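Student: Got a sequence here, can you build the structure:
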Amino acid sequence: SGFHVSHNPPVFVLDTPGIMVPSFDDTMEGRHAGLKMAITGAIKDNLVGDVVLADYVLYSLNKHFIDKLNRSRAPYMDTFGFPADRSRCDDVHELLRYVHHALHSKKSQQQPADDAGVGEALLTEQDEVAAAKHVVRLYRDGSLGRFVLDDI
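Tutor: Below is the predicted model:
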């Protein structure tokens, strides 16, 4: 709906429900709200950062599968080739090293005989960003599980 607010000069205001610039206060709840919107694609990735988005995906996966569902192992651990004796990962940089390794192994069609040291390997910033983008893409297409981000 529109409003005529001035005759000279003629000014009309048009109300556009649902279109707004989100603002998030500097509280834990405000940060979580912003990150939830970002990992669903409602905010451009480059405004938040790919590694930060992957870190929030990791946090959300752990919270859902380990903390809420009380699973002994989060499914992403198998997806990215973590050792069987690990139940979760809380370090995004370690996750990205495993993601990078999994992507590299897939491309070469070879699985190294010894995966020891994957979690300690150093990645270039470019490799880390590529791995982070992959994690976010898998989350968004549902490959890492489908669940509600809000506590309901």
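Student: in the chain, which spans are helices?
Tutor: Ranges of helices within the chain are 28-39, 45-48, 50-61, 76-79, 92-108, 125-140, based on DSSP state H.
Student: of all these, which gets the most neighbours per residue?
Tutor: helix 50-61 (a mean of 21; mean count of other Cβ atoms under 10 Å). Backbone N, C-alpha and C define where each C-beta goes, glycine included.
Student: could the helices of the chain go into a markdown table alongside mean pLDDT and distance to Val13?
Tutor: Putting the helices of the chain into a markdown table (pLDDT from 0 to 100; distance: least, Cβ to Cβ, whole Å) gives the following:
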| stretch | mean pLDDT | distance to Val13 |
| --- | --- | --- |
| helix 28-39 | 88 | 27 |
| helix 45-48 | 90 | 28 |
| helix 50-61 | 96 | 36 |
| helix 76-79 | 93 | 48 |
| helix 92-108 | 87 | 45 |
| helix 125-140 | 96 | 36 |
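Student: Distance to Gly2 added to those helices, as TSV?
Tutor: What follows is the helices of the chain, written out as TSV (distance: least, Cβ to Cβ, whole Å):
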stretch	distance to Gly2
helix 28-39	28
helix 45-48	31
helix 50-61	38
helix 76-79	49
helix 92-108	47
helix 125-140	36
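Student: what's the closest of the ones you listed to Asp150?
Tutor: The closest of these to Asp150 is helix 28-39. By Cβ to Cβ, the value is 7.3 Å.
Student: hmm, back to that, quick one: which of the helices of the chain is nearest Ile152?
Tutor: Closest among the helices of the chain, using Cβ to Cβ: helix 28-39, at 12.8 Å.
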